[in-house]
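Participant: the following comprises the amino acid sequence and a computationally predicted model.
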There are 2 protein chains.
Amino acid sequence: MHLTTHNPRVAFQGERGAFSEEAVFTLLGASAKPSPSATFESTFAALDGGRVDYALVPLENTLAGSIHRTYDLLLESKFHIIAEVIIPVVHNLIGCRGATLADVKIVQSHPVALSQCLRFFEQHPDIHRRNAEDTAGSVREVLEKGDPTVAAIAARRAAELYGGSILLEHLEDDPENYTRFVLLSPEPNETPDANKLSLATKLKHQPGALHSALGIFAKHKVNLSKIESRPLKGSPWEYRFYLDLEVGTATLMREVLREFQGLADETRVLGWYRAAQSPSNAELNSR
Amino acid sequence: MHLTTHNPRVAFQGERGAFSEEAVFTLLGASAKPSPSATFESTFAALDGGRVDYALVPLENTLAGSIHRTYDLLLESKFHIIAEVIIPVVHNLIGCRGATLADVKIVQSHPVALSQCLRFFEQHPDIHRRNAEDTAGSVREVLEKGDPTVAAIAARRAAELYGGSILLEHLEDDPENYTRFVLLSPEPNETPDANKLSLATKLKHQPGALHSALGIFAKHKVNLSKIESRPLKGSPWEYRFYLDLEVGTATLMREVLREFQGLADETRVLGWYRAAQSPSNAELNSR
């Protein structure tokens, strides 16, 4: 991937110390300048307004599936996926410096994070759960208040950033909890080692439409690594499909795309980029 | 659909007054006996233990996509989908009796519900958001405390059940917010008007595998109304596909299934049942 600057400014959704910020550094290295944004909408707006060079947004999670809000915003935008990174979601119990697990009476975090650590709460029935807006923001609050009986669940980075103590690691119930993030740019990628094509396409809701489209991929021995149908708003008989394809070369990619566009009603190339390493490798290399 | 009892006991996830309880009545009528359950796991356990006749669980939402936790639990179980219902998610602002919108300073609800009513919060910048465990549970809490400055966002039914006032209707930003619920039974359905087949199948991650499988549906002019790939845990080169098929008759369904099972590694019939009416009709008929 060719970056346009040495210290790329990258918008992400969440507070400093969020999993998304961790993903920025994993993908782009320590010289990246992550720029927190309150919502997905404002993350896209930051890139649209030129206040950042790129945006990094989550597109899917192994437990929760596709994140349709970011797909929708991507389709509404003219941005291109130029890279992807898959990072493990590792939950840590983070408290004030000097606090111990035995002190903790209340644990706060985003409700999705809390719901992914149910075994911990079963093993510690005296600890009360408290919903909060954000994982990293919970760590910041806990540290500000300095009460050793209150802890938060968040990424390791949040502890480092706000100066908290990690009281317990790997609270997540399911170790196969990964999020796939994509790096968005106003310009398409020019990387020579691209091998993954992401498409959004409309197909008529009629027998055989998808079968014909997939015939093109079968003919060229192109692997589908994702397919998902989504009903189109206001068009009950039309579907949008999200497709991720493993395509060896740019020449093959152009040929497959040319044939496919002849069949589909409307096709948007979301990106042509290098596929991420598999999650297990990503875990070994995670910060 | 043939129900085994006149007053079927139906497990659902959430508190009384939740959208899921509304879905139970929409599907089964006023004689149904909904039985609240804290988690999806305990909802399935209630049916497994024979404490209820059926369970009604959400399988997908137009904004959030598939609900993978319920798909996973369904696959782990031996239950069958015997019916489906699609209900609009309509958010209401619910306060104490006598309260008015002008009194409200804090609005609490489940964070997903809050995030679906952003326009309301933009229009009322003085109103503070508060995350809570549950939509209907928030209404119960608001009513118990009796503080007119605190309101909740939830389904209409929660207001009726707990005796609250609806201060404002249709807070949802997106009117096309529907949830598809399925009714699960330990026994398969015997309804003569079934026309929808839901499958979960494993296919090898190789070019053409899905194309061949879809060829069977194309040959028989069977429409796909849903397709979604999901990576299999621990098998990075295998995928599970979720398929919903529109099949006219039981005879055709058996033939399609026979041919399909010859191609796929492993196929589980999730259900053979009557397709729900379209969302727009569902809305007209909603309670």
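Facilitator: Perfect, thanks for sending it. Bear in mind that the values here come from a model prediction, so they are computed numbers and not experimental data.

Participant: stretch A:212-220: which residues count as buried?
Facilitator: Using 16 or more other CB atoms under 10 Å in any protein chain shown as the test for burial, stretch A:212-220 gives A:Ser212, A:Ala213, A:Leu214, A:Gly215, A:Ile216, A:Phe217, A:Ala218, A:His220. Using the backbone N, CA and C atoms, a C-beta is placed for each residue, glycine as well.

Participant: of the residues you listed, which is the nearest to A:Gly164?
Facilitator: If you rank the buried residues of stretch A:212-220 by distance to A:Gly164 using CB to CB, A:Phe217 comes first, at 48.2 Å.

Participant: for that closest one, phi and psi?
Facilitator: Torsion angles at A:Phe217 (phi, psi; degrees, to the nearest 10) stand at phi -70, psi -40.

Participant: rewinding a little: closest one of the buried residues of stretch A:212-220 to A:Leu56?
Facilitator: Closest approach between the buried residues of stretch A:212-220 and A:Leu56, by CB to CB: A:Phe217, at 28.3 Å.

Participant: can you narrow the buried residues of stretch A:212-220 to ones near chain B?
Facilitator: Applying CB under 8 Å from any CB of the partner chain, the subset of the buried residues of stretch A:212-220 adjacent to chain B comprises A:Ser212, A:Leu214, A:Gly215, A:Phe217, A:Ala218, A:His220.

Participant: pretty sure the third one contacts B:Ser212?
Facilitator: This points to A:Gly215. No. Judged on CB atoms under 8 Å, A:Gly215 makes no contact with B:Ser212 at a distance of 9.8 Å.

Participant: now A:Phe12: closest residue in space that isn't a chain neighbour?
Facilitator: Nearest in space to A:Phe12, with sequence neighbours left out and distances taken as CB to CB, 6 or more residues apart in numbering or on different chains, is A:Ser20 at 3.9 Å.

Participant: quick one: average pLDDT of the helix or strand where that neighbour lies?
Facilitator: Per DSSP states H and E, A:Ser20 falls inside helix A:19-28. For helix A:19-28, mean pLDDT rounds to 94.

Participant: what packs against that helix?
Facilitator: Counting contacts by 3 or more CB pairs under 8 Å, 6 or more residues apart in numbering or on different chains; DSSP states H and E, helix A:19-28 is packed against strand A:9-13, strand A:33-37, strand A:54-61, strand A:80-88, helix A:156-162, strand A:178-185.

Participant: burial of A:Thr100, as a residue count?
Facilitator: Neighbours of A:Thr100 under the rule other CB atoms under 10 Å in any protein chain shown: 10.

Participant: pull out the buried residues from the longest helix along chain A.
Facilitator: Using DSSP state H, we find that the single longest helix of chain A is helix A:250-263. Neighbour counts over helix A:250-263 (16+ other CB under 10 Å) mark A:Leu252, A:Met253, A:Val256, A:Leu257, A:Phe260 as buried.

Participant: quick check: phi and psi on A:Gln123?
Facilitator: Dihedral angles of A:Gln123 (phi, psi; degrees, to the nearest 10) stand at phi -70, psi -20.

Participant: how about A:Lys145?
Facilitator: Torsion angles at A:Lys145 (phi, psi; degrees, to the nearest 10) stand at phi -80, psi -30.

Participant: what's the pLDDT at it?
Facilitator: Looking at A:Lys145, its pLDDT reads 95.

Participant: distance check, it against A:Ala102.
Facilitator: 19 Å (CB to CB, to the nearest Å).

Participant: kindly report the same for A:Ile166.
Facilitator: Distance from A:Ile166 to A:Ala102, by CB to CB: 15 Å.

Participant: compare these two (neighbour count), which wins?
Facilitator: A:Ile166 (15 against 7).

Participant: now do the contacts for that one.
Facilitator: By CB atoms under 8 Å, 6 or more residues apart in numbering or on different chains, A:Ile166 lies in contact with A:Asn92, A:Leu93, A:Ile94, A:Arg156, A:Ala159.

Participant: element containing the second one, please.
Facilitator: Yep, that's A:Leu93 we're talking about. strand A:92-95.

Participant: which residues touch the strand ranked longest in chain A?
Facilitator: Across chain A, the longest stretch assigned as strand under DSSP state E is strand A:235-246. For strand A:235-246, contacts defined as CB under 8 Å, 6+ apart pick out A:66, A:71, A:195-205, A:210, A:217, A:222-232, A:256, A:265, A:275, B:227, B:278-280.

Participant: rerun at 6 Å
Facilitator: For strand A:235-246, contacts defined as CB atoms under 6 Å, 6 or more residues apart in numbering or on different chains pick out A:197-203, A:205, A:222-223, A:225-230, A:232, B:278.

Participant: for stretch A:39-54, same thing?
Facilitator: Contacts to stretch A:39-54, defined as CB under 6 Å, 6+ apart, come from residues A:4-5, A:8-11, A:13, A:35, A:37, A:55, A:69-70, A:73, A:77, A:183, A:185.
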